[in-house]
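>>> sequence? don't have it. structure:
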């Protein structure tokens, strides 16, 4: 069994297409197909459901892909650790981030890159929290900046960093433009633009509205916090965003950030696999993050 056979199988699982998987692995399609067939022969089980085109993985193939992802992740960790012993930490760190945590990213990446200048950092933003958990467990990302403290974190280690506090963005000449604070019930009855209902950040907002005995019915939905801020700047809508995003509109005329009544704040932090040895660069990122007072910086 060769590492490249496992790489081809993982790529095929990810791309769900022979030609795209071959392109991702920089080999020809016949080369990839032949390597996967040899792996099937060696293991003695079919891994791919075939017709004229790729039809998906067999049940055995799904299990083998999980093993392949672990083996390849361990190989990468070994390379990183050996490299760190020789020249300092090297390699690439892939960080998955939920949209509402974007303001915290540069606080962490700048400190990390200063300490480990040879590591290349890739940030995947605008990921849904469910997608982040899946990618962590599939070893597609090293670490995630997301909501922590949930019941679905088995096999993961969480490092809380700060609590997410919301503000009400509204036209300064509107109904609430001169108020010092608004209630969730009041906020539900103005033209709103909010995050899409499929996103956990929006589901948390809906929970706040529910506890206030109301339901929000936004006229406009988007999966981008930046888009929300842009729409508020038109003067037509109000929105609810994490407090750090209000800074982006600090110099925009006609927009005001108003405090929302006290409510339970979600914890945001880092998640990484608890499996040993795990990602070397992921553990190094956690070490750096513990020394950064993210909550104070965001406030």
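Now that the structure is in, tell me what you want to look at. Just so you know, these numbers come straight off a predicted model, no measurement behind them.
>>> Quick one: end-to-end length of stretch 82-93, please.
16 Å (Cα to Cα, to the nearest Å).
>>> residues near residue 233, how many?
Neighbourhood size, residue 233 [other Cβ atoms under 10 Å]: 17. C-beta here means a position set from N, CA and C on the backbone, and glycine is covered the same way.
>>> shouldn't it be in contact with residue 239?
No: Residue 233 lies out of contact with residue 239 (Cβ atoms under 8 Å); the separation is 10.2 Å.
>>> Please enumerate the strands of this protein.
48-50, 54-57, 91-97, 119-124, 143-147, 156-164, 166-171, 181-182, 193-195, 220-222, 239-242, 255-260, 266-273 (DSSP state E).
>>> export those strands to a markdown table and tack on mean pLDDT and mean neighbour count?
As requested, these are arranged in a markdown table below (pLDDT from 0 to 100; neighbours: other Cβ atoms under 10 Å):
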| stretch | mean pLDDT | mean neighbour count |
| --- | --- | --- |
| strand 48-50 | 83 | 15 |
| strand 54-57 | 82 | 15 |
| strand 91-97 | 91 | 21 |
| strand 119-124 | 93 | 16 |
| strand 143-147 | 92 | 26 |
| strand 156-164 | 91 | 17 |
| strand 166-171 | 89 | 24 |
| strand 181-182 | 90 | 16 |
| strand 193-195 | 92 | 24 |
| strand 220-222 | 92 | 16 |
| strand 239-242 | 90 | 26 |
| strand 255-260 | 87 | 19 |
| strand 266-273 | 91 | 21 |
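>>> how about these in a markdown table, adding distance to residue 281?
Converted to a markdown table, those look like this (distance: least, Cβ to Cβ, whole Å):
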| stretch | distance to residue 281 |
| --- | --- |
| strand 48-50 | 32 |
| strand 54-57 | 29 |
| strand 91-97 | 4 |
| strand 119-124 | 6 |
| strand 143-147 | 8 |
| strand 156-164 | 15 |
| strand 166-171 | 32 |
| strand 181-182 | 43 |
| strand 193-195 | 30 |
| strand 220-222 | 32 |
| strand 239-242 | 27 |
| strand 255-260 | 36 |
| strand 266-273 | 10 |
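>>> the helices in this structure, which residues?
All helices of the chain, identified by DSSP state H, fall at 3-15, 18-24, 29-43, 59-87, 105-115, 129-137, 184-187, 200-211, 225-232, 280-290, 294-298.
>>> For the stretch 51-200 of the chain, give me the ranges with low pLDDT.
52, 83-87, 151 (pLDDT under 70).
>>> ok, and the closest non-adjacent residue to residue 190?
residue 238 (5.0 Å; Cβ to Cβ, 6 or more residues apart in numbering).
>>> How about residue 183?
residue 261 (4.9 Å).
>>> OK, contacts around the residue nearest to residue 190?
168-171, 174, 176, 187, 190-193, 232 (Cβ atoms under 8 Å, 6 or more residues apart in numbering).
>>> Then residue 22?
28-29, 31-32.
>>> 10 Å instead?
8, 11-12, 15, 28-33 (Cβ atoms under 10 Å, 6 or more residues apart in numbering).
>>> Now restrict those residues to buried residues only.
Applying 16 or more other Cβ atoms under 10 Å to these, the neighbour count classes 8, 11-12, 15, 32-33 as buried.
>>> Just the closest of those to residue 114, please.
residue 11 (33.8 Å; Cβ to Cβ).
>>> Test my guess that the closest one contacts residue 19.
No: Residue 11 is beyond contact range of residue 19, at 11.2 Å (criterion: Cβ atoms under 10 Å).
>>> Residues that sit against both of those two, list them.
residue 32.
>>> Which residues does residue 121 form beta bridges with?
residue 93 (DSSP bridges).
>>> Look up how far residue 288 lies from it.
11 Å (Cβ to Cβ, to the nearest Å).
>>> same deal with residue 59?
Residue 59 is 41 Å from residue 288, by Cβ to Cβ.
>>> In contact with the residue lying closest to residue 164 once chain neighbours are set aside, which residues?
In space, and not counting its chain neighbours, residue 164 is closest to residue 266: 4.6 Å by Cβ to Cβ, 6+ apart. Neighbour list for residue 266: 100, 147-150, 162-166, 200-201, 204, 207-208, 242 [criterion: Cβ under 10 Å, 6+ apart].
>>> which of these lies closest to residue 129?
residue 200 (4.2 Å).
>>> That closest one contacts residue 147, doesn't it?
Yes: contact criterion Cβ under 10 Å: residue 200 and residue 147 qualify, at 6.2 Å.
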